[in-house]
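> Please work out how this folds:
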Amino acid sequence: MLIAFMIESHPTWTATDTVKACKIWAEYQASHDVSHSIGRAVGIDPASGQVWFGDSAKDIVLTLKQQGIRTPLFFLRVGQDYYARKGGRK
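Here you go, the predicted model:
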C-alpha cells in the first residue's frame, strides 16, 4: 500500500489523486533513470504531472514555496513504495 505524506493537509485530496500520482511516478521511472536518486524524496503533483526531488518532503515544499508554487503533492522515497513508515522494526 502506498502512503501519501502531506506537509500541509489538503481537504480536497482524493483517492483518485493518489492513483494519478502513482501512475505519473511509474511513467516517470519508465522513461528516466532515477538510480542516482535512491533514498531521496520525490514529490508528485497529480494535477500537473510534475515531479520534484529533494532531501525531504519539507525540502521540496520549501523550494516550491520560494518559487511561488503551492500545490498538494504525493510524496515517496525513490526506490521505496512509501515515504516513511510509522513505528519501529521488530
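
> And the helices in this protein?
With helices called from DSSP state H, the chain shows them at 15-31, 57-66.

> List of residues touching the first one?
What it means is helix 15-31. Outside helix 15-31, the residues that touch it by CB atoms under 8 Å, 6 or more residues apart in numbering are 2, 4, 34, 42, 44-47, 49, 51, 72-74, 76. For the C-beta atoms, the positions are set from N, CA and C on the backbone; glycine is no exception.

> Most neighbours among those residues, which one?
Most neighbours among the contacts of helix 15-31, by other CB atoms under 10 Å: Leu73, with 28 neighbours.

> who are the neighbours in contact with the residue lying closest to that one once chain neighbours are set aside?
With sequence-adjacent residues excluded and distances taken as CB to CB, 6 or more residues apart in numbering, Leu73 is closest to Gly43, at 3.8 Å. By CB under 8 Å, 6+ apart, the residues touching Gly43 are 51-54, 57, 60-61, 64, 73-75.
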